[in-house]
Structure formats: structure tokens, C-alpha cells
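Visitor: predicted model follows, preceded by the sequence.
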Amino acid sequence: MKPAEIARVLSRVYDPELGVDLVSLGLVYDINIEGERVTVMMTMTSTMCPMAEAMLDSAQTAISYQFPDADVVVLPVYDPPWHIDMADDRAREWLGAPPRAVTRAG
């Protein structure tokens, strides 16, 4: 079990209001694996998100389903606060945000 495998599972869990997965939105801040314990630190798009508990539960359920021997803990964090710039380009496009500015090296 590796963080990338957990992230892949979380990329199939969607924010029910936005219709975009947790990873693409940039809501997953950290994935820590110690033995069979998986700790995920994630945030919401807003501190007042009415779906926060459901999203945390969905993330935990998805990981537990894929890795039934794991002891899974999903914790909410709000620092730093979520911002649209944390979302990947696909999520930004879906949400109607402008693309990131491309800077040239040089």
C-alpha cells in the first residue's frame, strides 16, 4: 500500500455538489502510511461545507473497501484554506476557472 494507490482510490470519490473528484479538486493534503494505518488529511472547499461529513466518510469507506486490512483515518484540516488554485487543470476547467498562467523559464 502506497500513497499513490490511496490517491488513486480517492480520485474515484466525488464532491457531490461540484461533481469533481477529491484529488482533482486539491482537497487531499497528505496521505501518511505507517504499517496498516492510513491517515489522510483533507480539506473542504469551504469551512461551512454542508457535505463535509459525507465526503470524509466516503473517502474513508472507499479506502477501507479497497484495502480491507487497513486502519483508515480521514481527518479534516482547514489550514491552509482551500483555494481554486489547488485544483488541477481539468477541475479548474469544469468549475469555469481560468487556466493557470504559464510562465516561461529564462
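Guide: Done, it's in. Numbers count the residues shown, from 1 in each chain.
Visitor: from here on, contacts and neighbour counts on C-alpha atoms
Guide: Fine.
Visitor: show me what contacts W82?
Guide: W82 makes contacts with G26, L27, T43, M44, T45, S46, as judged by Cα atoms under 8 Å, 6 or more residues apart in numbering.
Visitor: now with 7 Å, please.
Guide: Taking Cα atoms under 7 Å, 6 or more residues apart in numbering, we find W82 in contact with T43, M44, T45.
Visitor: okay, the residue lying closest to the last one once chain neighbours are set aside and Y65: tell me how far apart.
Guide: When you say that, I think you mean T45. Closest residue to T45 apart from its sequence neighbours, by Cα to Cα, 6 or more residues apart in numbering: W82 at 5.5 Å. Note on W82: its distance to Y65, by Cα to Cα, to the nearest Å, is 27 Å.
Visitor: what's in contact with the worst-scoring helix or strand of the chain on mean pLDDT?
Guide: Least confident helix or strand, the chain: helix 89-94 with a mean of 83, by mean pLDDT, DSSP states H and E. Applying Cα under 7 Å, 6+ apart, the external contacts of helix 89-94 come out as V20, S24, L25, P98, P99.
Visitor: return the list of helices and strands in contact with whichever helix in the chain runs longest.
Guide: When the chain is parsed with DSSP state H, its longest helix is helix 52-66. The criterion is 3 or more Cα pairs under 7 Å, 6 or more residues apart in numbering; DSSP states H and E, and the helices and strands that helix 52-66 contacts are helix 3-10, strand 71-76.
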